[in-house]
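Visitor: quick one: sequence and predicted model below, then my questions.
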Amino acid sequence: MGEDRIRHADALYEQAVFGGDRDAPALAERALDAVEADLALARGRILHARFLADRRPDPRELALFRQAADLYRRLGDGRGEGEALFWTGTYHQVVAEEYAEAVPLFRRSYALAEAVGDRLTLSYATRHLAFAAEAEGRPQEARERFEESIALREELDFRPGVAAGKLALAELLRGQGDRAAADRLLDEAAELAAGCGAHGVLGWIEAARAAR
């Protein structure tokens, strides 16, 4: 998609210079802003993956997500803005452990994703709202949101995400003393993760079992 937008910007340059189209430069800038937003979001996600591996925060991550969200907002791209706001919230929640800053971002991300029918971002936003509800002592809300996230991911056949969702729900239920349900969910999660090659998720599941 980025290459298509750059080619479109190049074509608009020719329209402006050779065709005398006065509107073309502004249209080209919008196309390039969209490329810049996509790139910022992608770079931020890679930095987040590195953080999950080594637990060393990189301040560029937050700046990139904010840049992406601002560009998408100015472009009127609700889908992109919703995704970028989710990742901005994830930085606050996971990296900085700032739940108060994260929750409004997740709620806005959820609303935007719902409005445009972006079920994948919806599944992420509600999952992280579940973590917030759990941390704030609202286990029933947390359970409902984990279940919503799992259901959305099942609809999308996003099996690694379903496995991660079942793991999160299992840990919540185990904390409430329902070990049988937790163990059943862990078994389901492990089978799913192994079946789709989600070795990272499988490692999380094994760690959860070892911590029992």
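Guide: In hand now; what should we look at? Keep in mind that this is a model prediction, so the values were computed, not measured.

Visitor: who touches stretch 82-102?
Guide: Stretch 82-102 has contacts (Cβ atoms under 8 Å, 6 or more residues apart in numbering) with 37, 40-41, 44-45, 48, 51-52, 57, 61-62, 65-66, 68-69, 72, 103-106, 108-113, 116, 118, 121, 124-125, 128, 131-132, 135-136. No exception for glycine: its C-beta is placed from N, CA and C like everyone else's.

Visitor: in helices, which of these fall?
Guide: Of the contacts of stretch 82-102, the ones assigned to helices by DSSP state H are 37, 40-41, 44-45, 48, 51-52, 61-62, 65-66, 68-69, 72, 103-106, 108-113, 116, 121, 124-125, 128, 131-132, 135.

Visitor: what's the PyMOL syntax to select whichever of these are buried?
Guide: In PyMOL, this line selects whichever of those come out buried by 16 or more other Cβ atoms under 10 Å:
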select buried, resi 37+40+41+44+45+48+51+61+62+65+66+68+69+72+103+105+106+108+109+110+112+113+121+124+125+128+131+132
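
Visitor: what sits against residue 155?
Guide: In this structure, residue 155 makes contact with residue 119, judged by Cβ under 8 Å, 6+ apart.

Visitor: mind doing that once more with 10 Å?
Guide: If a contact means Cβ atoms under 10 Å, 6 or more residues apart in numbering, then residue 155 has 119, 120, 123, 162 as its contacts.

Visitor: and residue 75, by the same measure?
Guide: Applying Cβ under 10 Å, 6+ apart, we find residue 75 in contact with 30, 31, 33, 34, 37, 81.

Visitor: tell me the pLDDT at it?
Guide: At residue 75, the predicted lDDT confidence score is 96.

Visitor: where does this protein have low pLDDT?
Guide: Residue ranges of the chain with pLDDT under 70: 1-2, 9, 12-13, 17-18, 21, 212.

Visitor: hmm, try it at 90
Guide: Using pLDDT under 90 as the threshold, the predicted model of the chain has low-confidence ranges 1-31, 210-212.

Visitor: any idea how far the nearest residue to residue 195 once chain neighbours are set aside lies from residue 27?
Guide: Leaving aside its chain neighbours, residue 195 sits nearest to residue 159 (7.1 Å; criterion: Cβ to Cβ, 6 or more residues apart in numbering). Look at residue 159 and residue 27: by Cβ to Cβ, to the nearest Å, they are 40 Å apart.

Visitor: ditto for residue 155
Guide: Between residue 155 and residue 27 the computed distance is 36 Å (Cβ to Cβ).

Visitor: then residue 40?
Guide: For residue 40, the distance to residue 27 under the criterion Cβ to Cβ works out to 21 Å.

Visitor: residue contacts, residue 73?
Guide: For residue 73, the residues meeting the contact criterion (Cβ under 10 Å, 6+ apart) are 37, 80, 81, 84, 85, 112.

Visitor: ok, residue 5 next?
Guide: For residue 5, the contacting residues are 28, 30, 31, 32, 33, 34, 35, 36, 38, taking Cβ under 10 Å, 6+ apart as the criterion.

Visitor: buried set for stretch 138-149?
Guide: Of the residues in stretch 138-149, those with enough neighbours to count as buried (16+ other Cβ under 10 Å) are 142, 143, 145, 146, 148, 149.

Visitor: just the element for the fifth one, please.
Guide: Assigned by DSSP states H and E, residue 148 belongs to helix 139-156.
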